[in-house]
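Engineer: Just need the structure, nothing else, for what follows:
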Amino acid sequence: MSHQDADRAGTTSAPDRTEESAPSAEDRPDALAQVAEMEDRWRRTAAELDNYRKRTARESAGQREDERIRVLARWLPIVDNLDLALAHADAEPDAVIDGIRAVRDQALSLLAEFGYPRYDDQGEAFDPNLHEAVGMVASSDEPPGTVVHVVRPRYGDGGHVLRPAAVIVAAEER
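Structural biologist: The predicted model follows:
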């Protein structure tokens, strides 16, 4: 088939470009050296990234452990005071009760210091973000949807709730 026949058939033969696109013998070692250098850089960067990931994972685990130790160390005086209360259990009952209340107040103070104060939500409107309804009771004294009894108190505020309150909510009387 001639070039004219190929042109009429819609196919043309491409000019031979192998000589133009192939690097010369002089350029080939430089190109291979550049490829080798880029591959070496890539491998080094990948290794650095892997080392960075491992280092940050170790540091993060260490920070978590340090924080756990700090928090638990803050609880030790409370445990010590509970031990003292138990050691004096034979004392006057009112003194033991006062001691236990003091230890509870110490624990509540520590929770508040960590950002999770205790709330008494009795009389508040039920909020599913802060409360967990464990029961309902018909009430003519409180409007429907009002917390009438706190079974288990809430710790923390609306943005950071450590535990929602377990509550009994007022319902319409029938």
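
Engineer: Now do the strands in the protein.
Structural biologist: 118-119, 131-138, 147-152, 154-156, 161-163, 165-171 (DSSP state E).

Engineer: tell me which residues in stretch 76-83 are buried?
Structural biologist: For stretch 76-83, burial by neighbour count (16 or more other Cβ atoms under 10 Å) applies to 81-82. Where C-beta positions appear, they are placed from N, C-alpha and C, glycine not excepted.

Engineer: got a list of contacts for that stretch?
Structural biologist: 99, 102-103, 106-107, 110 (Cβ atoms under 8 Å, 6 or more residues apart in numbering).

Engineer: which stretches of this structure have low pLDDT?
Structural biologist: 1-27 (pLDDT under 70).

Engineer: Tell me where it has helices.
Structural biologist: 3-8, 18-21, 27-87, 93-113 (DSSP state H).

Engineer: thinking again about what came up before, make CSV from the strands of the chain and add mean neighbour count and distance to Pro93 to it.
Structural biologist: Formatted as CSV, those follow (neighbours: other Cβ atoms under 10 Å; distance: least, Cβ to Cβ, whole Å):
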stretch, mean neighbour count, distance to Pro93
strand 118-119, 16, 25
strand 131-138, 14, 32
strand 147-152, 16, 26
strand 154-156, 21, 29
strand 161-163, 14, 30
strand 165-171, 20, 29
